[in-house]
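In: coordinates for the following, if possible.
(one chain, ligands or ions: 1)
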Amino acid sequence: MISVLFVCTGNICRSPTAEGVFRQLVEDAGLEDEFTIASAGTESYHVGDPPDARAIRMASKYGVSLAGQKARHLSAKDYAAFDYIFAMDNGHFSIINTRAPRNARAKIAMFLESGEVPDPWYGGEADFEHVYKLVRDRCESLLEQIRKDHKL
Ligand code: 4NP
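Out: Residues are numbered from 1 along each chain as shown. Have a look, this model is predicted:
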């Protein structure tokens, strides 16, 4: 089983989008039995909330459902439970590393190979669309990379 955790600030915009897109790609590839996919926030403001309505709408415009997702806070257990933890921006990357327990097993990396997924929270439709496309493109290359690394 390969476990992947996507992390942003509130766990209501960027990381739920990545969770939903990555899950859809994994299902399309018939690999759902090989993966555990989840997302979390570095902050707890939105714990228990569904994804932001604007993120839900943008994903659904491209055929991806974020249904059933609920925001949760990054926990110490995540570092042992997941193989990969992906940070959406430099702030998350720094916080995830700072909070890492000594026995952390997860490989912590930036989600994008270069740069950040910008926070769309104060933005509009175009910002959510930009985020969606960044996330979708990277999820495609990420799945390819993981499949290669794990010979799937
Ligand atoms: P996310 O977006 O990190 O992509 O879920 C945000 C959502 C909420 C807040 C910040 C970013 N907030 O400050 O409440």
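
In: start from the N-terminal end of this structure and give the helices.
Out: 14-28, 53-61, 78-81, 90-98, 125-149 (DSSP state H).

In: same for the first one, what does it pack against?
Out: The contact analysis (3 or more CB pairs under 8 Å, 6 or more residues apart in numbering; DSSP states H and E) places helix 14-28 against strand 2-8, strand 35-41, helix 53-61, helix 125-149. Using the backbone N, CA and C atoms, a C-beta is placed for each residue, glycine as well.

In: wait, Arg54 touches Trp121, no?
Out: No - between Arg54 and Trp121 there is no contact under CB atoms under 8 Å: 9.2 Å.

In: quickly list what's touching both of those two.
Out: Both Arg54 and Trp121 are contacted by Cys13, under the criterion CB atoms under 8 Å, 6 or more residues apart in numbering.

In: between the two, who's got more neighbours?
Out: When neighbours are counted by other CB atoms under 10 Å, Arg54 and Trp121 differ, and Arg54 comes out ahead with 19 against 16.

In: so what's the more buried one up against?
Out: Arg54 neighbours (CB under 8 Å, 6+ apart): Cys13, Pro120, Glu125, Phe128.

In: go on, Ile37?
Out: With contact set as CB under 8 Å, 6+ apart, Ile37 has these partners: Ser3, Val4, Glu19, Phe22, Arg23, Val26.

In: OK, contacts around the residue nearest to the last one when sequence neighbours are not counted?
Out: Take Val26 and drop its neighbours on the chain: the residue closest to it by CB to CB, 6 or more residues apart in numbering is Phe35, 5.0 Å away. Under the criterion of CB under 8 Å, 6+ apart, the contact partners of Phe35 comprise Met1, Ile2, Ser3, Val4, Arg23, Val26.

In: any idea how far the ligand is from Phe35?
Out: 22 Å (CB to the nearest ligand atom, to the nearest Å).

In: contact residues of this protein facing the ligand?
Out: Cys8, Thr9, Gly10, Asn11, Ile12, Cys13, Arg14, Tyr45, Asp119, Trp121 (CB under 6 Å from any ligand atom).

In: ok, the last one - contacts?
Out: Residues in contact with Trp121, defined by CB under 8 Å, 6+ apart, are Thr9, Gly10, Cys13, Asp52.
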